[in-house]
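J.: Compute the structure for the input listed below.
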Amino acid sequence: MVVHHHKRAVVGFYLLAMASLLFAGPAAAQSEAAPTLEEVRIEVAEAMEAIAAYSAAQREAAVAEARLALEQMDAAVAARQRETRDAWAEMTAQAREDADRRLTELQSALIGLAERVGTLQTGTDSAWVELNNGLMAAWDELSTAVSASLEPPAMAE
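T.: Numbering: from 1, shown residues only. Take a look at the predicted model:
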């Protein structure tokens, strides 16, 4: 019974975290000098390498750095979604389907990373290695989705 309550609390935490990121992300991404999705991916990759080296004793720093990386990725993903919407009229039906699929995968991978950041924060010290490995796996999935989303769609002729 306690497990179910804890599980609900963790899921609620993830949902609140994602909601705040989704609403904050687009506003943050609207600055004129916003970095591209690829530039953010490179920066976040560097942050993830640093996080992978943190110990359980450095949990607060790891979580803080992971949250910052997550916010940067969320803003960059929101910008990519706007770019795709802006180019929608020039895309073929197949390109639209492909772009929609890629953006869905990108959003799903971003949510997966957010969940892993939450797990990293709430997990036990004895499970640190597994938690950290899960975070890195989620990052790899998001990085792959970013690369796929950056491939240009076929445009209408």
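
J.: for this protein, what spans make up the strands?
T.: When assigned using DSSP state E, the chain turns out to have no strands.

J.: Run through it and note the low-pLDDT ranges.
T.: 1-33, 153-157 (pLDDT under 70).

J.: Any idea which residue is closest to the centre of it?
T.: The C-alpha lying nearest the average C-alpha coordinate of the chain belongs to residue 110 (C-alpha atoms, centre = their mean; 2.8 Å).

J.: pretty sure that one is touching residue 71, no?
T.: No - with contact defined as C-beta atoms under 8 Å, residue 110 does not reach residue 71; the gap is 10.8 Å. The way it works is simple: take the backbone N, C-alpha and C, and place the C-beta from them, glycine included.

J.: Please report the distance of residue 82 from residue 44.
T.: 19 Å (C-beta to C-beta, to the nearest Å).

J.: between these two, which one's more packed in?
T.: Taking other C-beta atoms under 10 Å, residue 82 and residue 44 do not tie; residue 44 has more neighbours (24 against 13).

J.: Look up the closest residue to the more buried one, ignoring the ones flanking it.
T.: residue 69 (4.4 Å; C-beta to C-beta, 6 or more residues apart in numbering).
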